[in-house]
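Participant: My questions are about this predicted structure, shown below with the sequence.
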Amino acid sequence: MLESGLGEPIQKRLLPLEIFLEASRCLYCYDAPCTQACPTHIDVPGFIGKIATNDLLGSARTIMDANPVGASCARVCPTEQLCEGACVYAHQETPIRIGDLQRYATDWLIQHDGVQLFSAGPPTGRRVAIVGAGPAGLAAARDLRRSGHDVTIFESKPEAGGLDTYGIVPFRLPIDVALWEAKQVAQMGVEMRLGTRVGADVSPQDILANYDAVVIALGMGNVPRLGIDGEGLPGVWDALEFIERAKLGKPIERLGNRVAIIGAGNTAIDAATCSRRLRAESVTMYYRRGAGEMTAYDFEIEFAKREGVEFRFHAVPVRILERNGRAGAIEFRRAKPGPRNAKLETIPDSEFVVEVDTIVRAIGQTRLLPLLEDFGVRHDGSVAIVNDDFQTSNPKVFCAGDIVFRSGTTDAMVVVAAQQGKLAARAIDGFLSRGTL
């Protein structure tokens, strides 16, 4: 595993005997509620049964066949809400540790790096461009290549993997796991144009002219600004940039001992736990609403608490105050408690000031609206409008992943993005091969 300086992975590595005993608990339910609960519909009893008979290659193949980023998902999926939550044992005793078993099988495969699971299908002569090498883009590329289409991925970052590579803390998802998944796709003959920005290094018009179909799998952009005075001072970070630097082992200058995180989602949790592992003594998350309205997964919140992160609710940032040429304090105003969908109201004359050394804003991500419009894709509030096959208003352009994520309809999970990439690939294969979706 590549070192980041942020400590060991948080997942417990089970011993072979523990793995065998856990795999032996599976009842191989005929309706497999665990498989139905998985967005990519991994054959969970199938891969567990192969572990029980020591067929680890077969187990890993079953996982990766259904989910091209199955090794990452074994670490970041909210399994208690998905497969493990649906396990028949869940309401009686401890559910089968499906995530741990999936990680065991995929770890075995990563350690046997020479194994190439999948190969390209017979050439069709058709070309597909994919914009973005995150989970949705990699899933689409893998399945399109298996169907025999030539595939080129355009990715602005120097490495593939998207959020898995750059945006999830390394003690939850080591960077080399994400890079291994991307390598599996590249080895099938997918051309990866890394460090290439669509709209700058290559135009959408050129892509549309030179490819038979396009998948936009961009994810989202940077964290939006808070819109308050003092935000441009040194010591105020975009959470994604903060996490990326920490994950790649790059220095974060003058972090200090008092870190304030503005936000309450999974990215905010990652920024907070990163700060603690970078030895900040006091890390506090500030959220404008209540604990019940937090968007972070429950297991992420509990992990942050164990790491020593504190939480303050109903606190709205008003301005950032300068101390010695840097951000050194935040002024908040208290908010009235209320449901998430209610209009936020603050309490007059309730301001208070918190002294800090570093501030990290983690209040969501911006949408990459101009690129959608350059590809001729209709959108609603900068969310790409797609049909059930992920086809857009431009018939040869499909979208998958965060670019179609609409808050309040589903969680923006890695596993969901992978499934959308698979479904888009299936639709494109029909579109190119048969002239119909």
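Facilitator: Everything's here; your move.

Participant: what's the following helix or strand after the helix or strand containing residue 320?
Facilitator: Here residue 320, judged by DSSP states H and E, is contained in strand 315-323. Counting by DSSP H and E, the next helix or strand C-terminal to strand 315-323 is strand 326-334.

Participant: Which elements pack onto that next one?
Facilitator: Under the contact criterion of 3 or more C-beta pairs under 8 Å, 6 or more residues apart in numbering; DSSP states H and E, strand 326-334 touches strand 315-323, strand 352-355, strand 358-361. For glycine as for every other residue, the C-beta is placed from the backbone atoms N, C-alpha and C.

Participant: again, only using 7 Å
Facilitator: Secondary-structure packing of strand 326-334 (3 or more C-beta pairs under 7 Å, 6 or more residues apart in numbering; DSSP states H and E): strand 315-323, strand 352-355.

Participant: Could you look up the SS state of residue 193?
Facilitator: strand (DSSP: H, G, I helix; E, B strand; the rest coil).

Participant: Next, work out how far apart it and residue 368 are.
Facilitator: Distance, residue 193 to residue 368, by C-beta to C-beta, to the nearest Å: 18 Å.

Participant: how about the strands in the stretch 251-400 of the chain?
Facilitator: 258-262, 282-287, 310-313, 315-323, 326-334, 352-355, 358-361, 379-380, 383-384, 397-399 (DSSP state E, counting those that start in this stretch).

Participant: Tabulate those in a markdown table, adding columns for mean pLDDT and mean neighbour count.
Facilitator: Shown next, in a markdown table, are these (pLDDT from 0 to 100; neighbours: other C-beta atoms under 10 Å):
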| stretch | mean pLDDT | mean neighbour count |
| --- | --- | --- |
| strand 258-262 | 97 | 26 |
| strand 282-287 | 97 | 22 |
| strand 310-313 | 97 | 15 |
| strand 315-323 | 96 | 19 |
| strand 326-334 | 96 | 19 |
| strand 352-355 | 97 | 13 |
| strand 358-361 | 97 | 28 |
| strand 379-380 | 90 | 13 |
| strand 383-384 | 89 | 23 |
| strand 397-399 | 97 | 29 |
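
Participant: quick one: contacts of the strand holding residue 320?
Facilitator: 226, 228-231, 233, 236, 262, 286-288, 327-335, 346, 351, 353, 359 (C-beta atoms under 7 Å, 6 or more residues apart in numbering).

Participant: higher neighbour count, residue 193 and residue 368?
Facilitator: Set residue 193 next to residue 368 and count neighbours by other C-beta atoms under 10 Å: residue 368 wins out with 22 against 15.

Participant: Could I get the contacting residues of the more buried one?
Facilitator: Residue 368 touches 218, 220-221, counting by C-beta under 7 Å, 6+ apart.

Participant: need the helices and strands packed on strand 326-334 in TSV with distance to residue 364, can you?
Facilitator: Converted to TSV, these look like this (distance: least, C-beta to C-beta, whole Å):
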stretch	distance to residue 364
strand 315-323	14
strand 352-355	22
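
Participant: who's residue 361 bridged to?
Facilitator: residue 238, residue 262 (DSSP bridges).

Participant: I'd say it and residue 241 touch.
Facilitator: No - taking contacts as C-beta atoms under 7 Å, residue 361 lies outside contact range of residue 241: 10.3 Å.

Participant: Can you verify residue 18 is assigned to a helix?
Facilitator: Yes - applying three-state DSSP, one finds residue 18 inside a helix.

Participant: Number of residues surrounding it?
Facilitator: Look at residue 18: counted by other C-beta under 10 Å, it has 14 neighbours.

Participant: Show me the longest helix that occurs in the chain.
Facilitator: Determined from DSSP state H, the single longest helix within the chain is helix 414-433.

Participant: List the buried residues for that one?
Facilitator: By neighbour count with 16 or more other C-beta atoms under 10 Å, helix 414-433 contains the buried residues 414-429, 431-432.

Participant: Would you quantify the distance from the closest residue to residue 204 other than its chain neighbours to residue 428?
Facilitator: Leaving aside its chain neighbours, residue 204 sits nearest to residue 374 (4.1 Å; criterion: C-beta to C-beta, 6 or more residues apart in numbering). With the distance defined as C-beta to C-beta, residue 374 ends up 20 Å from residue 428.

Participant: Residue 237 now?
Facilitator: Taken as C-beta to C-beta, the span from residue 237 to residue 428 is 38 Å.

Participant: again with residue 311
Facilitator: Distance of residue 311 to residue 428, given as C-beta to C-beta: 44 Å.

Participant: and if you look at residue 309?
Facilitator: For residue 309, the distance to residue 428 equals 43 Å [C-beta to C-beta].

Participant: Domain-wise, how is the chain divided?
Facilitator: 16-111, 127-221+366-433, 236-361 (automatic domain parsing).

Participant: how about TSV for those domains, with distance to residue 118 added?
Facilitator: Shown next, in TSV, are the domains of the chain (distance: least, C-beta to C-beta, whole Å):
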stretch	distance to residue 118
domain 16-111	8
domain 127-221+366-433	6
domain 236-361	28
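
Participant: just the ones you listed: most buried one?
Facilitator: domain 127-221+366-433 (a mean of 21; mean count of other C-beta atoms under 10 Å).

Participant: Reformat the contacts of residue 368 as JSON lines; add secondary structure, pLDDT and distance to residue 383.
Facilitator: Formatted as JSON lines, those follow (DSSP: H, G, I helix; E, B strand; the rest coil; pLDDT from 0 to 100; distance: C-beta to C-beta, whole Å):
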{"residue": "218", "secondary structure": "coil", "pLDDT": "87", "distance to residue 383": "12"}
{"residue": "220", "secondary structure": "coil", "pLDDT": "73", "distance to residue 383": "10"}
{"residue": "221", "secondary structure": "coil", "pLDDT": "72", "distance to residue 383": "13"}
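
Participant: Having no further points to raise, I will conclude here.
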